[in-house]
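Q: sharing a model prediction with you, sequence too.
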Amino acid sequence: MDVRDALTKRKSVRAFTNESVSREQVERILCAARHAPSGTNTQPWQVVAVSGEAKAKLDTQLEAAFDEAIEENMDYIYYPLEWVEPYKSRRRACGLQMYTTLQITREDKARQRAQWRLNYSAFGAPVALYFFIDPVMKTGSFMDYGMFLQSIMLAAVEEGLATCAQAALGQYPDIVKSALEMPAEATLLCGMALGYEDTDADVNSYRTPREPVEVFTQFFGF
C-alpha cells in the first residue's frame, strides 16, 4: 500500500464488527511498527495486547470505574489545564461533529455519557493494545512513542484493520496495571482499539478536517 494512501485512509474508528483478530495479525503489525525511529535507538515501547476473556474482564472493570464516577488518575497530564485558541475551537468542533452525526443534542447528557462509556470497552473492538513506558524515560521518548503509535496505525491499515488511539484507556492506570500484571511504577500512556471497522455504523461515517499546509508551515530559502 502506498504510504500516502495509508495516511489518508487511517481514521479513528469507534465501532467495530465482531470479526476476530488473530495473534499473528497483531504480531505482523507490531513487527512492522518496531522499525519506528527512537532517540539513540532506545525503543522505549512496552505493549500489552489484550483480547478474549482477558479483555472482557478488563473492560468490565474500566466501565465500572466510569459508572461509579471514580476520579480519573492518568500517569501524566495529557491535555492542557487551560484551553486556548486555536486548540479550544478545534476540540469543540471535533466533539460537535461526532455528536451531530449521532444526533445527540447538547442537552442529552445521558446519551453523551453512554457514547463516552464506549471508550472503556475500546468501542467493542476485539483487541485492545495498552502502551507503557519506563518512568525513567523523559519527554523525548514520548515523541519516539508517537512515531511508534502512528506506525502501528498505518501497518493496521495495510492489514485491512482499523484503529482508534485512546487516551481514555489510560485514565484508570491502577486498574489496568493490576489486571495486566504490569509494575505499579510503569507509566501507562494510552490504549488503542484494533479490529475491523463497522462500515454501517453512523459514528464511522464522518471525517474530521485537517488544516492546510500553509496554516502550520513557514518556508525559508525556497
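A: Yep, that arrived. Numbers count the residues shown, from 1 in each chain.
Q: make it CA atoms for all contacts and neighbour counts henceforth
A: Noted.
Q: what's the average pLDDT for the top helix by length along the chain?
A: As assigned by DSSP state H, the longest helix anywhere in the chain is helix 139-158. Here helix 139-158 scores 98 as its mean pLDDT.
Q: for this structure, longest strand please?
A: strand 187-195 (DSSP state E).
Q: returning to that earlier point: now do whatever helix or strand comes next after the longest helix of the chain: everything it contacts.
A: For helix 139-158, the succeeding helix or strand toward the C-terminus, using DSSP states H and E, is strand 162-166. Strand 162-166 is touched from outside by 10-14, 119, 122, 153, 156, 190-197, with contacts defined as C-alpha atoms under 8 Å, 6 or more residues apart in numbering.
Q: 7 Å instead, please
A: With C-alpha atoms under 7 Å, 6 or more residues apart in numbering as the test, strand 162-166 has contacts from 12-14, 153, 156, 190-197.
Q: please name the nearest non-neighbouring residue to Met137.
A: Excluding the flanking residues, the one nearest Met137 by C-alpha to C-alpha, 6 or more residues apart in numbering is Pro44, at 7.6 Å.
Q: residues of the one helix or strand Lys88 maps to that come out buried?
A: Using DSSP H and E, Lys88 sits in helix 87-101. Neighbour counts over helix 87-101 (16 or more other C-alpha atoms under 10 Å) mark Leu96, Met98, Tyr99 as buried.
Q: ok, the last one - contacts?
A: Right, Tyr99. Residues near Tyr99 by C-alpha under 7 Å, 6+ apart: Thr105.
Q: ok, now how distant is it from Met1?
A: As defined by C-alpha to C-alpha, to the nearest Å, Tyr99 lies at a distance of 32 Å from Met1.
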